[in-house]
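Participant: Sequence and predicted structure, then a few things I'm wondering about:
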Amino acid sequence: MAKIRIKNLLLRTYIGFNPEELVNKQDVIINIEIEAEIPDEALKTDEPLDIVDYKTITKKVIALVQDGRFKLLEVLTKNILDLVMDDNKVKWARVQVDKPHALRFAESVSVEMESMIV
């Protein structure tokens with residue numbers, strides 16, 4: 001089993017329900033951890049045979065976030081997690097989404113969710 005991490009993916013989206021949040025995109029920082037099997041054949045040949053394509057997953061996350069509108073950070077986090085788990089090679093995933101400066105005296109607010117194939 002291998003763990004793949006996509007760290008500090010900085011994107012902009014509509015997030016929130018206050019009047020100014022409905023019309024202005026805001027930064028979100030996304031961290032994704034994925035556990036998947038790496039086939040022996042891929043390790044022997046150094047070829048991408050039946051491995052998790054993290055570039056494709058990242059592109060899908062970017063499209064989801066940048067094209068979407070979300071009132072709740074929890075919904076955004078769950079949607080990203082569901083997208084990651086749609087890949088049948090992913091056995092477990094954790095997604096954390098930070099919304100910088102969401103609170104006056106805090107660096108950020110974050111929501112973290114995880115899922116596993118049983």
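Facilitator: Perfect, I can see it now.

Participant: With only the CA atoms kept, save the strand or helix carrying Lys60 in CSV.
Facilitator: When secondary structure is defined by DSSP states H and E, Lys60 falls within helix 54-67. Extracted as CSV, the C-alpha positions of helix 54-67 are listed here (Å, rounded to 0.1, in the frame of the first residue of the first chain):
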residue,chain,number,x,y,z
TYR,A,54,-3.1,11.7,-9.3
LYS,A,55,-2.7,14.3,-12.1
THR,A,56,-6.1,13.4,-13.4
ILE,A,57,-7.7,13.4,-9.9
THR,A,58,-6.1,16.8,-9.3
LYS,A,59,-7.5,18.2,-12.6
LYS,A,60,-11.0,17.0,-11.6
VAL,A,61,-10.7,18.6,-8.2
ILE,A,62,-9.6,21.9,-9.8
ALA,A,63,-12.6,21.9,-12.1
LEU,A,64,-15.0,21.0,-9.3
VAL,A,65,-13.8,23.8,-7.1
GLN,A,66,-13.2,26.6,-9.6
ASP,A,67,-16.5,26.0,-11.4
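
Participant: Quick check: bridge partners of Val97?
Facilitator: With beta bridges defined as DSSP bridges, Val97 has these partners: Ile30, Val111.

Participant: ok so, going back, buried set for the helix holding Lys60?
Facilitator: Of the residues in helix 54-67, those buried under the neighbour-count criterion (16 or more other Cβ atoms under 10 Å) are Tyr54, Ile57, Val61, Leu64, Val65. To be clear about C-beta, it is placed using only N, CA and C from the backbone, and glycine gets the same treatment.

Participant: Could you tell me the model confidence score at the first one?
Facilitator: Reading off the confidence values, Tyr54 has pLDDT 96.

Participant: Next up, the contacts around it.
Facilitator: Counting by Cβ atoms under 8 Å, 6 or more residues apart in numbering, Tyr54 makes contact with Ile4, Ile6, Ile34.

Participant: would you list every one of the strands in this protein?
Facilitator: Counting by DSSP state E, one finds strands in the chain at the ranges 2-15, 26-36, 69-70, 90-100, 108-116.
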